[in-house]
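> Just need the structure, nothing else, for what follows:
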Amino acid sequence: AIYTYQALVLAANGTCVLMVDHTDGSAPMVERIDGSILAYDHGPANECYIEKKTDYVDYVRTRRAQVDHRVEEVLSSLRALLDLDRRDVPDLLSAGVSFVGRLD
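Predicted coordinates:
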């Protein structure tokens, strides 16, 4: 809720806000485009610390894979934002909205 509030305040003051959903299982909850819910994945921590099925090295590898996934999500989002500054999106343009040259 605090992140949403911060984003709304920034946007209300004219700042372009980019909020990235992390779909690697590390976010508390993510609603996908199709409406389905991706819940937090307790597996890696539970398997390492509670169930003792995996050792710490495997846990770190799993978490590293999640971080790598997050990096790709952020980079993909940034590329999309930069693309909005370079060219119009037909659906937005038909609604009279263009960000070309405005995201500096």
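
> what mean pLDDT does stretch 43-56 have?
The average pLDDT for stretch 43-56 rounds to 71.

> correction: stretch 21-28
83.

> for Leu81, what are its contacts?
Listed by CB atoms under 8 Å, 6 or more residues apart in numbering, the contact partners of Leu81 are 16, 18, 103. Every residue, glycine included, has its C-beta placed from N, CA and C.

> any idea how far it is from Tyr5?
Using CB to CB, to the nearest Å, Leu81 is found at 21 Å from Tyr5.

> Could you do Gly101 as well?
30 Å.

> Tell me, how many residues neighbour Asp21?
13 (other CB atoms under 10 Å).

> how near is it to Asp83?
With CB to CB as the criterion, Asp21 and Asp83 are 19 Å apart.

> Can you name the next helix or strand after the helix or strand of the chain with the lowest mean pLDDT?
Least confident element among the helices and strands of the chain, by mean pLDDT, DSSP states H and E: helix 43-45 (a mean of 69). Scanning forward in sequence from helix 43-45 by DSSP states H and E, the next helix or strand is helix 56-86.
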